[in-house]
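The following block contains a protein sequence and its predicted model.
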Amino acid sequence: MTASKPKSAWGGGVSPFNVSWGKMFMWFFLVSDAFTFSSLIIAYGAMRHRFTDIWPLPGDVFTHFPFIHGHVPLAYVGLMTFILIMSSVTMVLAVEAGHRRHNKGVVTWLFWTIVGGFMFLGSQAWEWYHFIKGSEEGAYILADGRFARTDDLEPGKLFIWKDHQKTIIEGTEAAQLKASAVKNIKGANLVENEYGNTPLFGNFFFFITGFHGFHVFSGVVINIIILINVLNGVYLRRGHYEQVEKAGLYWHFVDLVWVFVFTFFYLV
Amino acid sequence: MAEEHKHGYYTGDIHNQFVEEHHVPGIKKTIWKTFWILLGVTIFEVAIAFAPLNKELLQWIFVVLTIVKSAYIVGIFMHLFHEQFTFKYTILLPFILIVYLIFIALAEGVYLFDIAK
């Protein structure tokens, strides 16, 4: 306990960072977690450059939207981003209510944050379902080794991507190529997927969005525990809501990671 | 003790220093302003994703906008802009290593593609 502010933070006798140890270590944990996510996304970037000629375009893969028949590329991930940003706002409002010692306000905003978290998790489950299930017709590996995709909205056509150029084959030629195809791939798993002729695209999708989704799930669990404490008046008695702030740091970090996943997995 | 009247908590380390919580009256306005900026940038990103622009230029726009968005999240929501100078840079400077990792890993990916041709 120091009465007056010392001149130098490094002269001894004071905490140089002037934050609680809990908050400091939450930050240090987040830095290390950010390094983990960075490594995953950079690995994705490296492999995308390695297979640049056959890598699928995300705008061509994530085209579904609930209750809409047709292609609405990127709209659904845009919505997921909105949900997560919104829940970040409700979290920061919970922290703000805590600064005012307004227990009821913290309960309300924390509740909506948890709702946002569950909405995001549900959205991700929907996204995974459609990614794994794939289209009705799937993709073909043709007799000459080329990889041809199909489109449920334009039946009878084959789409061959090579060096970012799309070739469309239709009519009898497409039917012949399909008949002589070596393999028909539907949906996605860790070994193959119908979106591109490399398993890496599916692998990175499952690993990166899965790892992020698990972070969201952990965040929701942490927020629920904090909410139970707030409801029991634990922090009201303690005199400060620093614990809500710490959970908030983690929750904002999850939002932050999604901003990067959104850009480097879906947009670029 | 003056601290009894202030809101805050103790650092909990060996010095157990008192940290005052600075409650800014206009913070709610800042929070909602940040929200609209983040939402606006995201909508803009989705909107220009299929614009007939140079692909490389578009990628750079996305990278810059992502950094802008993350600065708002880290700075305002996570409150890092208002932490102590030393703490701020202890958190931010290690990410120079990430910039270096991006450089070497992407160069390696391009090289592997070139020799596989």
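Noted; the coordinates are in hand.

Mind telling me which residue of chain B is nearest chain A?
residue B:109 (3.2 Å; Cβ to the nearest Cβ). Every residue, glycine included, has its C-beta placed from N, CA and C.

Which other helices and strands does the helix or strand where that residue lies contact?
Using DSSP states H and E, residue B:109 sits within helix B:96-116. Contact here means 3 or more Cβ pairs under 8 Å, 6 or more residues apart in numbering or on different chains; DSSP states H and E; on that basis helix B:96-116 packs against helix A:21-50.

how far does the very next helix or strand once past the helix it packs on sit from the chain's center?
On the C-terminal side of helix A:21-50, the closest following helix or strand by DSSP H and E is helix A:58-61. Helix A:58-61 sits 16 Å away from the centroid of its parent chain (Cα atoms, centre = their mean, to the nearest Å).

quick one: buried residues of the helix or strand following helix A:58-61?
Moving toward the C-terminus from helix A:58-61, the next helix or strand (DSSP H and E) is helix A:75-99. Buried residues in helix A:75-99, counted by 16 or more other Cβ atoms under 10 Å in any protein chain shown: A:76-99.

Identify each buried residue in the helix holding residue B:109, please.
For helix B:96-116, by 16+ other Cβ under 10 Å, it's B:98, B:101, B:105-106, B:109, B:113.

Kindly indicate which of those lies nearest residue B:26.
Of all those, residue B:26 sits closest to residue B:98, with 33.9 Å by Cβ to Cβ.

What helix or strand is the closest residue to residue B:53 other than its chain neighbours located in?
The shortest distance from residue B:53 to any residue other than its chain neighbours is 8.0 Å, reached at residue B:61 (Cβ to Cβ, 6 or more residues apart in numbering or on different chains). If you go by DSSP H and E, residue B:61 is part of helix B:55-72.

What residues sit buried inside that helix?
B:58, B:61-62, B:65-66, B:69-70, B:72.

Which residue, neighbours along the chain excluded, lies closest to the residue of chain A found nearest chain B?
Using Cβ to the nearest Cβ, the closest approach of chain A to chain B is made by residue A:49 at 3.2 Å. Spatially, and ignoring its direct neighbours in sequence, residue A:49 is nearest to residue B:109 (3.2 Å; Cβ to Cβ, 6+ apart).

That neighbour: what's it in contact with?
A:45-50 (Cβ atoms under 8 Å, 6 or more residues apart in numbering or on different chains).

tell me the average confidence for the helix holding residue B:109?
For helix B:96-116, the mean pLDDT works out to 95.

orientation of it relative to helix A:21-50 in degrees?
Orientation note: helix B:96-116 sits at an angle of 20 degrees relative to helix A:21-50 (axes from the mean of the first three to the mean of the last three Cα atoms, to 10 degrees).

any idea how far helix B:96-116 is from the chain center?
The answer for helix B:96-116 is 24 Å, by Cα atoms, centre = their mean.

how about the CA coordinates for it, as CSV?
C-alpha atoms of helix B:96-116 as CSV (Å, rounded to 0.1, in the frame of the first residue of the first chain):
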residue,chain,number,x,y,z
ILE,B,96,7.0,-8.7,-33.7
LEU,B,97,7.9,-12.4,-33.6
ILE,B,98,4.6,-13.2,-35.3
VAL,B,99,5.3,-10.7,-38.1
TYR,B,100,8.6,-12.5,-38.6
LEU,B,101,6.9,-15.9,-38.6
ILE,B,102,4.4,-14.8,-41.2
PHE,B,103,7.3,-13.7,-43.4
ILE,B,104,9.3,-16.9,-43.2
ALA,B,105,6.4,-19.3,-43.3
LEU,B,106,4.8,-17.7,-46.4
ALA,B,107,8.1,-17.5,-48.1
GLU,B,108,8.5,-21.2,-47.4
GLY,B,109,5.1,-22.0,-48.8
VAL,B,110,5.8,-20.1,-52.1
TYR,B,111,9.2,-21.8,-52.4
LEU,B,112,7.6,-25.3,-51.9
PHE,B,113,5.1,-24.5,-54.6
ASP,B,114,7.8,-23.4,-57.0
ILE,B,115,9.9,-26.5,-56.6
ALA,B,116,6.9,-28.8,-56.9
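
Where does the prediction get shaky in chain B?
Counting by pLDDT under 70, chain B has low-confidence residues at B:1-5.

50 instead?
B:1-4 (pLDDT under 50).

Neighbours of the residue nearest to residue A:264 when sequence neighbours are not counted, how many?
Among residues not flanking residue A:264 along the chain, residue A:41 sits closest, at 5.2 Å (Cβ to Cβ, 6+ apart). Residue A:41 has 21 neighbours, counted by other Cβ atoms under 10 Å in any protein chain shown.

Next, find the distance separating residue A:41 from residue A:35.
The gap separating residue A:41 from residue A:35 is 11 Å, by Cβ to Cβ, to the nearest Å.

And residue A:237, by the same measure?
Counting by Cβ to Cβ - residue A:237 and residue A:35 are separated by 37 Å.

More neighbours: these two, which one.
Remark: of residue A:237 and residue A:35, residue A:35 carries more neighbours, 15 against 7, as counted by other Cβ under 10 Å.
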